[in-house]
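Here you go, sequence then predicted model.
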Amino acid sequence: MPMMRRARVSDHRALVESAQRWRRESRSPAGAREPSLLLPRLFLHSFAGTSLVAEDSTGIKAFLIGLHAADNEEDAHIHFVGVDPALRGRGLARGLYSAFFERAAEAGRREVRAVTTPWNTGSIAFHRALGFDPVGGDVEVGGLPVHRDYDGPGKDRVCFRRRIGSPTA
């Protein structure tokens, strides 16, 4: 099983290359996004301390880019998660999320937020399985609240939140 560690700025190239390779290997619509646009170096310059990497002797196997909100002391956000397609379903993402929850709670955060696209059914199911609740949107699509134009024109998103730091979390 890969070892988990805090991300480093020097991981940037390997994370982007891994995400691009995994996208090519993935058959899911979620894999169609260009990872380098979602993983600017800025995230590691500013949030390496709240981001995680799982690796073994052969390289990076999964990672989570997460941050603590600067404008309030309650929220943390999961921005991007990547897992080697050959290792999906083995608990790597769940382990990264659990470690992120634990570290965020230790820092006094009480809620974690995440966002995905309405057509990424795997991500939606995963977040629900981890106890995330959808946040009300402006329209409903397939029974889910969707925020229209959340990330710009035509960039609709499903927003999730999950309470952490309590005995039931």
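Perfect, I can see it now. Numbers count the residues shown, from 1 in each chain.

where exactly do the helices run in the protein?
Remark: helices assigned in the chain by DSSP state H are 12-25, 35-38, 41-47, 92-106, 121-129.

most packed of those?
Counting by mean count of other C-beta atoms under 10 Å, helix 92-106 has the highest mean neighbour count of the helices of the chain, with a mean of 18. C-betas here are computed from N, CA, C, even on glycine.

Mind giving me the packing neighbours of that one?
Contact partners of helix 92-106 among helices and strands, from 3 or more C-beta pairs under 8 Å, 6 or more residues apart in numbering; DSSP states H and E: strand 3-6, strand 52-56, strand 59-68, strand 75-83, strand 111-116.

and the angle for it with strand 75-83?
Between the axes of helix 92-106 and strand 75-83, defined by axes from the mean of the first three to the mean of the last three C-alpha atoms, to 10 degrees, the angle is 160 degrees.

How many neighbouring residues does the nearest residue to residue 94 once chain neighbours are set aside have?
Leaving aside its chain neighbours, residue 94 sits nearest to residue 130 (6.9 Å; criterion: C-beta to C-beta, 6 or more residues apart in numbering). Residues within reach of residue 130, counting by other C-beta atoms under 10 Å, total 16.

Which residues lie in contact with residue 130 in this structure?
Listed by C-beta atoms under 8 Å, 6 or more residues apart in numbering, the contact set of residue 130 reads 94, 97, 162.

cool, and residue 81?
If you count contacts by C-beta under 8 Å, 6+ apart, residue 81 has them with 62, 63, 64, 65, 93, 96, 97.

got those residues as a markdown table, with distance to residue 157 and pLDDT columns?
Shown next, in a markdown table, are the contacts of residue 81 (distance: C-beta to C-beta, whole Å; pLDDT from 0 to 100):
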| residue | distance to residue 157 | pLDDT |
| --- | --- | --- |
| 62 | 22 | 97 |
| 63 | 21 | 97 |
| 64 | 18 | 98 |
| 65 | 16 | 98 |
| 93 | 19 | 96 |
| 96 | 21 | 98 |
| 97 | 18 | 98 |
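
got JSON lines for these, with distance to residue 114 too?
Output for those, formatted as JSON lines (distance: C-beta to C-beta, whole Å):
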{"residue": "62", "distance to residue 114": "16"}
{"residue": "63", "distance to residue 114": "15"}
{"residue": "64", "distance to residue 114": "10"}
{"residue": "65", "distance to residue 114": "11"}
{"residue": "93", "distance to residue 114": "11"}
{"residue": "96", "distance to residue 114": "12"}
{"residue": "97", "distance to residue 114": "9"}
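
ok, so of those residues, who is nearest residue 41?
Distance ranking of the contacts of residue 81 against residue 41, using C-beta to C-beta, places residue 65 first at 11.3 Å.
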